[in-house]
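[1] when you get a sec, could you give me coordinates for this:
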Amino acid sequence: GSSYFFIFKKNSSLYLCVDYKSFNKIFIKNYYFLFFILKILNRVLNNKYFLKINIKDAYY
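    You can find the predicted model right below:
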């Protein structure tokens, strides 16, 4: 399993941290990653509408 723990943010709320290193060793790597990127790019480039979300300050 993966190890996890909570840390306190500046505003005293809790933030969950998870270490997925041991979890990632179990799964087989996806060798077709480039194919999926090209497939997604094809779909995006053929659309008329795009959505941009700014999550720069999402942590704090």
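
[2] and for Val18, the neighbour number?
    Here the neighbour count serves as a burial measure; for Val18 (other CB atoms under 10 Å) it reads 9. The way it works is simple: take the backbone N, C-alpha and C, and place the C-beta from them, glycine included.

[3] so what's it closest to, chain neighbours aside?
    Nearest residue to Val18 in three dimensions, chain neighbours excluded: Tyr4, at 4.5 Å (CB to CB, 6 or more residues apart in numbering).

[4] residues touching that neighbour, list them.
    The neighbourhood of Tyr4, defined by CB atoms under 8 Å, 6 or more residues apart in numbering, consists of 16-19.

[5] now the residues you listed in CSV, with secondary structure?
    What follows is these, written out as CSV (DSSP: H, G, I helix; E, B strand; the rest coil):
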residue, secondary structure
Leu16, strand
Cys17, strand
Val18, strand
Asp19, strand
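
[6] now, of the residues you listed, which are buried?
    Neighbour counting over the contacts of Tyr4 (16 or more other CB atoms under 10 Å) leaves no buried ones.
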